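Engineer: quick one, structure for this:
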Amino acid sequence: MHCPGITTVNEEGVSTSVHLNFTRAIGFFNTPITVIASEIANKAKNLSEAIDILRKNRPTSGWTFVIADAKAKEAAIVETCAEGIAISHPENCVLCYTNCYTSEIQKNREYAPSYTWVENNHSRYTRLKNLLLEHLGSIEENTLAEILGDTFDPTVRKNVALGHTVSNAANVSSAMICYEKDALWVGDNPVPANRGVYVGYKISSLLSGKKEEIGTIKGKQLEKHKEEALRKFTEACFVWEETASPSKCLPYITKAIEMDPEEPLYRLVRSWFFAKTGRFKEALDDLLHIEDSHLSSSRKAQIYLWIARINDLLNERENALRYYHKAIQTHPSMDIQKAAWEGIRK
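Structural biologist: Model (predicted):
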């Protein structure tokens, strides 16, 4: 049976979790990632065999497999791209991953689409690793559900609905595998899937074609109004993906702001929707409202960059230049620096 997936476990107790990476090493005639994931699920009897499959099958682009062998109690991270693989083993009994390469050889091939991507993934990785080390030796399903639902952003040192957090607004699936207890726990929630209820199933029953529930586990969540506001924000994102119509998204994002006015990034996103519909004054009002919010320096630089751009659209060139320079002075990331200098030169 062809059964690729983001997260899998087979009868032998070999489980995999697949993570996206951006890389410069691509090969259009290599093996699709779903085919590789399916082969591991169907054929690998242990960690060694899973790694052998990855050695023989190069993917088209950048992917990382976190692989665990429940019977042998072994695990590894296998970072892949079209040119080869790199293997990492547990450090201090902990193995975790987000979406940035950790091996030197793959780092040299990596492509960072933006500094925000880098900051987000390194922040989440550091937070996740610290939480696992903190609970080392006492990680049960309830503990892991709390860790997966964590909303603490280390760049601003507070719990936030949107930010560089383990529980990310883009988490569309979430699962916990406990092979020794014959249990697979699946996040049964709207996006983000890892914040809320997990439903448990017997692995042995699933492998024999049956669905036998064994109970539920309640994960970690923010205050009710913050969670409900986040739902409206994700709905706005879905509408944008489905329709590419900013005017259709605005009612959802506005509702999110009304429900949780303290979350600055809702206003940042709404300012983009306003700008796309030509409502530049309203876009600027949102940006100025969050200019002094508690944000990381890279986020602040993004805010300044957009304030500058909107001022240019309003023919306020002097204000635009002032904010382009503020963006340059606030953060050294290449993408923000390049965009700001383009704004200054035009």
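
Engineer: okay, and for the stretch 1-150 of the chain, where does confidence drop off?
Structural biologist: Across the stretch 1-150 of the chain, the ranges flagged by pLDDT under 70 are 1-4.

Engineer: just the helices from it, written as ranges.
Structural biologist: 33-43, 47-56, 104-107, 115-134, 141-148 (DSSP state H, counting those that start in this stretch).

Engineer: hmm, who's touching the third one?
Structural biologist: Counting by CB atoms under 8 Å, 6 or more residues apart in numbering, the neighbours of helix 104-107 from elsewhere in the structure are 21, 23, 62, 79, 81, 84, 86, 101. Backbone N, C-alpha and C define where each C-beta goes, glycine included.

Engineer: swap in 7 Å and give it another go.
Structural biologist: Residues outside helix 104-107 that contact it (CB atoms under 7 Å, 6 or more residues apart in numbering): 79, 81, 86, 101.

Engineer: need the contact list for the second one.
Structural biologist: With contact set as CB under 7 Å, 6+ apart, C81 has these partners: 23, 25, 61-62, 106, 109.

Engineer: could you redo the last one with a cut-off of 8 Å?
Structural biologist: By CB under 8 Å, 6+ apart, C81 lies in contact with 21, 23, 25-26, 58-59, 61-63, 106, 109.

Engineer: among those residues, who's most crowded?
Structural biologist: P59 (26 neighbours; other CB atoms under 10 Å).

Engineer: from A320, how far off is it?
Structural biologist: Separation of P59 from A320 (CB to CB, to the nearest Å): 44 Å.

Engineer: ok, P261 next?
Structural biologist: 27 Å.

Engineer: ok, the two, which is more surrounded?
Structural biologist: A320 (21 against 12).

Engineer: for that one, which non-adjacent residue is spatially closest?
Structural biologist: N311 (3.9 Å; CB to CB, 6 or more residues apart in numbering).

Engineer: next, count neighbours for the one you found.
Structural biologist: 22.

Engineer: contact partners for it?
Structural biologist: Applying CB under 8 Å, 6+ apart, the residues near N311 are 284, 317, 319-320, 323.

Engineer: what two of those are the furthest from one another?
Structural biologist: By the measure CB to CB, L284 and R317 form the most distant pair in those, at 14.2 Å.

Engineer: is it true that I33 touches V18?
Structural biologist: Yes: when contacts are counted by CB atoms under 8 Å, I33 is listed as touching V18 (6.7 Å).

Engineer: show me the strands in this protein, by range?
Structural biologist: 7-9, 14-21, 62-69, 74-81, 84-88, 152-153, 158-159, 175-178, 183-187, 197-202, 213-218 (DSSP state E).

Engineer: centre of the chain to the first one, how far?
Structural biologist: Relative to its chain's centre, strand 7-9 lies at 18 Å (CA atoms, centre = their mean, to the nearest Å).

Engineer: can you check the second one too?
Structural biologist: Strand 14-21 has its C-alpha centroid displaced from the chain centroid by 14 Å (CA atoms, centre = their mean).

Engineer: just checking, what packs against it?
Structural biologist: strand 7-9, helix 33-43, helix 47-56, strand 62-69 (3 or more CB pairs under 8 Å, 6 or more residues apart in numbering; DSSP states H and E).

Engineer: leaving out sequence neighbours, find the closest residue to V78.
Structural biologist: F65 (4.6 Å).

Engineer: any idea how far I177 is from the one you found?
Structural biologist: Taken as CB to CB, the span from F65 to I177 is 14 Å.

Engineer: who has more neighbours, the two?
Structural biologist: Neighbour count, other CB under 10 Å: between F65 and I177, F65 has more, with 25 against 22.

Engineer: would you agree the more buried one is in contact with L54?
Structural biologist: Yes: F65 lies in contact with L54 (CB under 8 Å); the separation is 6.4 Å.

Engineer: now for those two: what residues contact both?
Structural biologist: 40, 78, 80.

Engineer: for Y304, what are its contacts?
Structural biologist: Contacts of Y304 by CB under 8 Å, 6+ apart are 291, 323-324, 326-327, 330.

Engineer: how close does it sit to E140?
Structural biologist: From Y304 to E140 the distance is 45 Å (CB to CB).

Engineer: ditto for A41
Structural biologist: In this view, A41 and E140 are 26 Å apart by CB to CB.

Engineer: looking at the two, which one has more neighbours?
Structural biologist: A41 (22 against 12).

Engineer: would you check how far apart that one and D69 are?
Structural biologist: Distance from A41 to D69, by CB to CB: 13 Å.

Engineer: and I217, by the same measure?
Structural biologist: Where D69 is concerned, I217 sits at a distance of 24 Å (CB to CB).

Engineer: repeat for K107
Structural biologist: For K107, the distance to D69 - CB to CB - is 26 Å.

Engineer: okay, the two: which has more neighbours?
Structural biologist: D69 (21 against 13).
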